[in-house]
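Novice: Turn this into a model:
(2 chains)
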Amino acid sequence: MSKVVTCLDVRRQVGAEPRRLEPGVVEHCNSCASCAAFVRELAALDARLEQALAVPVPEGLEARIVLDATLKNRPRVWRPWLAAAASALMVVGLATTAWRHQHPVGEDLASAVVGHITNPEEADALAPDRALIHDASYIEQVMGHAGVHMQGAMEDVTYAHVCLFRGQRVVHLVVHGDHGPVTILLLPHIHVGQDTPVDEAGFHGVIVPEGQGSIAIVTNNATPVEPMAEELTAPGRFTL
Amino acid sequence: MGAHQHRFEMLARAQVPGLYRYAYWLCRDRALAEDLVQETLLRAWRSLDSLREEAAARRWLITILRNEFMRELSKRRDTVAIDELPIVDTRASVGGADTDVQDVRRAMAKLTPEYREPLALQVIMGCSTQEIAEMLELTQGTVLTRLHRARNQLREMLGVGDKFGEEIA
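Specialist: A predicted model of the protein is given here:
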């Protein structure tokens, strides 16, 4: 038996997606003048919106971008290790994406953490040739933008950025570990009740509770993460 | 022309206008929007080989652009929140446009970022609510609610129709 579409259903669906009218909505509007008028009104509003949001694009922007990218990236040096690393990350990313497809977002924090790390756009963070960040004030500044406070210095950091994770600002760090890069995500808005292991798509680590939030320490090499977790959760080290 | 450059040019031609408009409504600053798009495409050039399907290009570029925007925020020492970004176009009066277009742009500029961004992704980039949910790392229900409320607020600001449905989202 098909679900009866009410006026409330129509307002809710059309208010969010005026261009996608479900058959039930169309059927309802055939016998409800008020909802039919609402649908027409929203369609008209969206037409105005579409026109208004199409702000003028600077003349020649595409050509400038193509030229700029061409000049800045010439000559293109082929680096076999980089190609191999990119391929490996792509495989990891695809495997993770496939896995996440079967496990809805929000269900598994560990999966979401690995998904963020293996996002192709974040692949650069794990590049082995990244230089150390010596400017401690920059790292403090990044943390400040995510509402994180740290006591003492953080050493061996090669990457420090504010990222969006589940709609919230988090701090994404990469540090030199004993056997390669280790990712640390400071998650001020996500609390875990106890240590949560991470083990998927070639990555392993742990998400530990800290204050109101949590800290994920994850790597895909042999660097042991437990000592780092202990150090990061020392009393007063971080305020999340 | 190499295959890499040809592919990049095709990508830029297809995606730059939409990306620029999305970037503008993200930051409401024409110069910053242009910089964001430029940096996004530069990064895209460098990792173009990792993009296996052209159909995924739009979403891939949007993700890069959003991250660039966040990086830009993190660089600004005095910036404390997305909705307090420097606003060059306080009246949203970009380009020459008629009164109605300017009214809608002003109303759009008044929406908070949490409502403005999903609406821009839907209207400018043609993203589905599922895609928006995945990109913003929200549930689809939250996206539907925000889109509904965004339109309700626009209707109210523009004096369109009644307020039916304000309480349902």
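Novice: What's the local residue count around A:Gly24?
Specialist: 16 (other CB atoms under 10 Å in any protein chain shown). All C-beta atoms are positioned from the backbone trio N, CA, C, and that covers glycine.
Novice: now do B:Thr145
Specialist: 19.
Novice: what's the domain layout of chain B?
Specialist: Chain B breaks down into these domains under automatic domain parsing: B:1-88, B:91-169.
Novice: closest to A:His191 out of those?
Specialist: Closest to A:His191 of the domains of chain B, according to CB to CB: domain B:91-169, at 16.9 Å.
Novice: what pLDDT, on average, does the closest one get?
Specialist: Domain B:91-169 shows a mean pLDDT of 84.
Novice: quick revisit: may I see the domains of chain B organised as a markdown table, with distance to chain A added?
Specialist: Output for the domains of chain B, formatted as a markdown table (distance: least, CB to the nearest CB, whole Å):
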| stretch | distance to chain A |
| --- | --- |
| domain B:1-88 | 4 |
| domain B:91-169 | 4 |
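Novice: Nearest to A:Val26 among those domains would be which one?
Specialist: Of these, nearest to A:Val26 by CB to CB is domain B:91-169, at 18.2 Å.
Novice: In the lengthiest helix in chain B, which residues are buried?
Specialist: Ranked by number of residues, the top helix in chain B under DSSP state H is helix B:3-27. Of all the residues in helix B:3-27, those buried under the rule 16 or more other CB atoms under 10 Å in any protein chain shown are B:5, B:7-9, B:11-12, B:15-27.
Novice: about what we covered before: just send the domains of chain B back as JSON lines, with distance to A:Leu173 too.
Specialist: As requested, those are exported to JSON lines (distance: least, CB to CB, whole Å):
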{"stretch": "domain B:1-88", "distance to A:Leu173": "12"}
{"stretch": "domain B:91-169", "distance to A:Leu173": "19"}
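Novice: Quick one: distance of the one helix or strand B:Gln122 maps to to the chain centre.
Specialist: Secondary structure from DSSP states H and E places B:Gln122 in helix B:113-123. Centroid displacement of helix B:113-123 relative to its chain, using CA atoms, centre = their mean, to the nearest Å, is 6 Å.
Novice: Please name every helix or strand in contact with the next helix-or-strand element following that helix.
Specialist: Remark: after helix B:113-123, the chain's next helix or strand is helix B:129-136, criterion DSSP H and E. Here helix B:129-136 touches helix B:57-75, helix B:113-123, helix B:140-158, going by 3 or more CB pairs under 8 Å, 6 or more residues apart in numbering or on different chains; DSSP states H and E.
Novice: most neighbours per residue, which of these?
Specialist: helix B:113-123 (a mean of 22; mean count of other CB atoms under 10 Å in any protein chain shown).
Novice: got a list of what the most centrally placed residue in chain B touches?
Specialist: Nearest to the mean C-alpha position of chain B, by CA atoms, centre = their mean, lies B:Tyr22 at 3.1 Å. B:Tyr22 makes contacts with B:62, B:65, B:120-121, B:124-125, as judged by CB atoms under 8 Å, 6 or more residues apart in numbering or on different chains.
Novice: and which of the residues you listed is nearest to A:Phe238?
Specialist: B:Leu65 (29.9 Å).
Novice: tell me which element the residue nearest to the closest one when sequence neighbours are not counted falls in.
Specialist: Counting by CB to CB, 6 or more residues apart in numbering or on different chains, the nearest residue to B:Leu65 once its immediate chain neighbours are dropped is B:Thr40, at 4.4 Å. Following DSSP H and E, one finds B:Thr40 within helix B:30-46.
Novice: What residues of that helix count as buried?
Specialist: B:30, B:32-34, B:36-46.
Novice: same check, this time on stretch A:47-64
Specialist: Neighbour-count burial for stretch A:47-64 [16+ other CB under 10 Å]: A:48-49, A:52-55, A:57, A:61-62, A:64.
Novice: try stretch A:213-222
Specialist: A:213-220.
Novice: likewise stretch A:164-180?
Specialist: Buried, per 16+ other CB under 10 Å, within stretch A:164-180: A:164-166, A:169-177.
Novice: Which neighbouring elements make contact with the helix holding B:Gln122?
Specialist: Using 3+ CB pairs under 8 Å, 6+ apart: helix B:113-123 touches helix A:33-53, helix B:3-27, helix B:99-110, helix B:129-136, helix B:140-158.
Novice: so can I have a markdown table of those helices showing distance to A:Phe203?
Specialist: Formatted as a markdown table, those follow (distance: least, CB to CB, whole Å):
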| stretch | distance to A:Phe203 |
| --- | --- |
| helix A:33-53 | 39 |
| helix B:3-27 | 30 |
| helix B:99-110 | 41 |
| helix B:129-136 | 20 |
| helix B:140-158 | 27 |
